[in-house]
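Enquirer: Requesting a structural model of the entry that follows:
(chains A, B and C)
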Amino acid sequence: MATAAITAERENYLNQEYGIKSWLLTVDHKRIALLYLLSITFFFFIGGFFALLIRLELLTPAGDLVQADTYNKLFTMHGQVMVFFFLIPSIPAVLGNFLVPLMIGAKDLAFPRINLLSWYLYIIAGVLMLHCMLTGGVDTGWTFYTPFSTAFSNTKVIEAGLAIFISGFSSILTGLNFVVTIHRMRAPGMTWNRLPLFIWAHYATSIIQLLGTPVIAVTLVLVVLERALHLGIFDPTRGGDPLLFQHLFWFYSHPAVYIMILPAMGVVTEIVPCFSRKRIFGYNFVAMSSIGIAVLGFLVWAHHMFVAGISLYAALIFSALSYLVAVPSAIKVFNWTATMYKGSITFSTPMLYAFGFIGLFTMGGLTGLFLAALGIDVHVTDTYFVIAHFHYIMVGGAVMGYLGGMHFWWPKISGRMYPESLGRLAALIVFLGFNLTFFPQFILGYLGMPRRYWQYPPEFQVLNVLSTAGSTILAVGYLLPMVYFLWSMRYGKIAPANPWGASGLEWRTSSPPPTFNFDQAPMVDWEAYDYENIPAPEIPAPQISAEEARIAG
Amino acid sequence: MSEHVVPLKTNVAVWLALLVLTGVTTGVAFIDLGPLNTIVALVIATCKALMVVLIFMHVKYASDKLVKVVVISAIFFLMLLLGLSLADYSTRLL
Amino acid sequence: MPDSPIAVAHHNPELQHHFADMEQQRDASSLGMWLFLATEIMFFGGMFCAYLIYRLWYFPEFAAASNSLDITLGTVNTAVLICSSLTVVLAVHAAQIGKRQAQVIYLALTLVLGLAFLGIKAVEWTSKFKEHHIPGASFHFEGEVPGHPGQPVDQQHAQIFFSLYFAMTGMHALHMIIGVGIFSYLLYYAWRGRYTPEYHTPLENSGLYWHFVDIVWIYLFPLLYLIDRKK
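Expert: Next up is the predicted model:
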């Protein structure tokens, strides 16, 4: 343990080179992951800021905080920033970039320079979006429905559309990099069946990124052209069909939600076996269900259009297909639960987030089935029921998965341990704050409160106040990790190579890893999740503190 | 993938076939085949595309199946977009 | 040919540090290009979807508008692109057998043919401009529905055809321009002798891109130019 404790002083990817150029011109996937970490955290707080303004306005039934037009901009920009600049990149660009080469035993991704280009495209898109927001914003809803977006809105639709177009290419290039890396750069002995399921999840995600994103890209091009040149492709007063826009938009945007959730499922699949000290139950099922979600996810998009004017027969088909896509997700939940059964559970911070994920994702997913039923959908579509549904999955699911993953791999990324008790406290605050924010919204939606409205009948106020109260608690829960992660970089205990006793190649190199990941190229001759061969560590692990390491080293 | 060198003769033969098919496409367009005109045009286009993909782009000679899977997957998902959209458009009452 | 893992000292200078050998590098970059082409299939596919729907809805106007396109120039352009695909294949072949001069000639021919395509496109678009067929404020379509000379032509429906025509051929032309840029770069490095039988991956992969752009045109041509030409 003593030698492992001095790992902070060894040469690693963080201290190998200093200076802003070494970061901005890096091709090291681990440094690029950290560049993304900073950027998406920044946009998370921008999106969160809009959310807080929305919740503040909704404290009272009257529209008294902002004007109606401004409110339209608030929910639009909240959605756009959260979807395109936080949720879609988050886990793949931060954890995926960092871990994919490590987990498969490679020195880097297949195309390191394209990885850096990916980040720069994201930044350019982000700057454009910021400029758009600061010079007037957009008010079309994140869904850009035509003909309002193309013919009537007098906000900066073209600029926002271009920003999202560019961010889409960032996403496509990340997906491309992952697929090639996973196919071509696995270490000797790392067969497909020995891959961590995190890798399978990212592979499936990348397929969606590659095949879906181009469709929204070309759709945005058409929207920009239509708006600039007054064409009629999507405008019924000019011979066009607004539903064509919706078909093309949702063809990507539905699979996009699987881009947002699959990586989080991959994270949970790494955390649960580790803190149950048990191999994952049903490896093949979990792997195949990831691919299943990716494929089936492309077959259901018109369930966002049930009341928009599609034919009844199309609605029936898409409703049936939407029920089908729930099956692979359910399979995963069964597998996680079966893994925990008769396992030796530790309620560490990552495990708390995993538990939160499983419960909240299941609730969100089940309410999706409510929405897939045509009769119920007619009643609750465009109400707060839908908002609650997708926030349960995106926030209760994806964000919790992201936070769980950040805690799980923080020792590997930074070489430091975060304070475990604060971590558990923050997880609890997030869970409580989340439920208080979003559970009332299911009820509000069922009772008939429409979404995207800035005023509401007074009888809805109590539930809205509860929701706003919850959102402030949630905000505290999100701020805490930021504070203690930063604190840990200087004062946290030095992390050993494998503080959790986890399986996986990334834990067999130092924390933080050297620039080229492994001192010696790994040769794999063991199966994945071989927890019967790994002794359980003490958690939190007794390590020497940063002070002691400085004195010793 | 570059291990196999396609003989020059094959490449020239494909080129000639492509030019001939182009002429045929244009010529057939002036013959009244009713609804078959569109089908014939698309069939010819697909034959041309297949020749380019298989020979010029080496897919026929690829040592592993991955490239074929990639191409077929992309076409499959495109067909999903076109097909399921048509499921709506072709069953609308108007 | 793969480098021996033992002979680390003499690896190919084109080998990037994170790859084990040239074969892995070549396989990775080739797969990367194919995946990119898959994304392009979906990108153009979105516009083909829009085209499909409106062709079904507005067939008479689509036929009328299609008949106003210059079928000779369209056919010639198709032939030009097919010839350019051949010259690309011949350039790669020349690299495979180590002929630098031939590489340069075929790459230069490819460039000439690509520019010829763009030139003919410019001629076509200019005539569209003169006929007021460019969508926008001054759009006005005077054509006839084939076989139904008296039938009124809905201006909006015709404009949708031309919106899609310019969007699709414009996007295709943009890809051609990018291709011309890439091949200029390749021409320069081929002339400098960079591409050998051991390393010509950029030629191969750029060739794949060029062939793809050719295939998009192979579909665009009949769909845009040959609607209901029989009368």
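Enquirer: Check whether the helix or strand hosting residue A:171 comes near chain C.
Expert: Assigned by DSSP states H and E, residue A:171 falls within helix A:157-184. Yes. Helix A:157-184 is in contact with chain C by Cβ under 8 Å from any Cβ of the partner chain, via A:172, A:176-177, A:179-181, A:183-184. C-beta coordinates here come from the backbone N, C-alpha and C atoms, glycine included.
Enquirer: and the residues you listed, which are buried?
Expert: Burial by neighbour count, judged by 16 or more other Cβ atoms under 10 Å in any protein chain shown, picks out A:172, A:176-177, A:179-181, A:183-184 from those.
Enquirer: Output those of the residues you listed also counted as contacts of chain B.
Expert: Near chain B, by the rule Cβ under 8 Å from any Cβ, you find residue A:183 out of these.
Enquirer: circling back: just the residues of helix A:157-184 next to chain C now: which is nearest chain B?
Expert: Lowest distance from chain B to the residues of helix A:157-184 next to chain C (Cβ to the nearest Cβ) belongs to residue A:183, with 6.6 Å.
Enquirer: neighbours of the closest residue to that closest one other than its chain neighbours, just the number please.
Expert: Distances taken as Cβ to Cβ, 6 or more residues apart in numbering or on different chains put residue C:31 closest to residue A:183, at 6.2 Å, once the chain neighbours are dropped. Close neighbours of residue C:31, defined as other Cβ atoms under 10 Å in any protein chain shown, add up to 22.
Enquirer: quick one: the helix or strand hosting residue C:31 to helix A:157-184, angle?
Expert: Taking DSSP H and E as the criterion, residue C:31 maps to helix C:22-57. Helix C:22-57 runs at 140 degrees relative to helix A:157-184, counting by axes from the mean of the first three to the mean of the last three Cα atoms, to 10 degrees.
Enquirer: which other residues reach whatever helix or strand comes next after helix C:22-57?
Expert: Of the helices and strands lying after helix C:22-57 in sequence (DSSP H and E), the nearest is helix C:59-67. The contact list for helix C:59-67, computed with Cβ atoms under 8 Å, 6 or more residues apart in numbering or on different chains, reads C:54-55, C:133, C:141, C:143-146, C:148, C:151, C:153-154, C:157-158, C:160-162, C:165, C:224-229.
Enquirer: For helix C:59-67, what is the distance to the chain centroid?
Expert: 24 Å (Cα atoms, centre = their mean, to the nearest Å).
Enquirer: Does the next helix or strand after it reach chain B?
Expert: With elements assigned by DSSP H and E, the helix or strand that comes after helix C:59-67 is helix C:71-96. Yes. Using Cβ under 8 Å from any Cβ, helix C:71-96 reaches chain B at C:71, C:75, C:78-79, C:82-83, C:85-86, C:88-90, C:92-93, C:96.
Enquirer: neighbour-wise, which of those residues leads?
Expert: With neighbours taken as other Cβ under 10 Å, the top of the residues of helix C:71-96 next to chain B is residue C:88, carrying 29 neighbours.
Enquirer: just to revisit the earlier point, for the residue nearest to residue A:183, give its distance to residue C:24.
Expert: Taking Cβ to Cβ, to the nearest Å as the measure, residue C:31 falls 11 Å from residue C:24.
Enquirer: One more: residue A:284?
Expert: When residue A:284 is compared with residue C:24 (using Cβ to Cβ), they lie 28 Å apart.
Enquirer: more neighbours, the two?
Expert: Between residue A:284 and residue C:24, counted using other Cβ under 10 Å, the more crowded position is residue C:24 (18 against 8).
Enquirer: Contacts only, for residue B:40.
Expert: By Cβ under 8 Å, 6+ apart, the residues touching residue B:40 are B:28, B:33.
Enquirer: Next, the buried residues of the helix holding residue A:171.
Expert: Using 16+ other Cβ under 10 Å as the test for burial, helix A:157-184 gives A:157-184.
Enquirer: any idea of the mean pLDDT in it?
Expert: The average pLDDT for helix A:157-184 rounds to 97.
Enquirer: I'd like the next helix or strand past that helix.
Expert: For helix A:157-184, the following helix or strand on the C-terminal side (DSSP H and E) is helix A:197-229.
Enquirer: And the spatially most central residue of chain B, how close does it get to chain C?
Expert: Central residue of chain B (Cα atoms, centre = their mean): residue B:46, 2.5 Å from the mean position. With distances taken as Cβ to the nearest Cβ, to the nearest Å, residue B:46 is found 8 Å from chain C.
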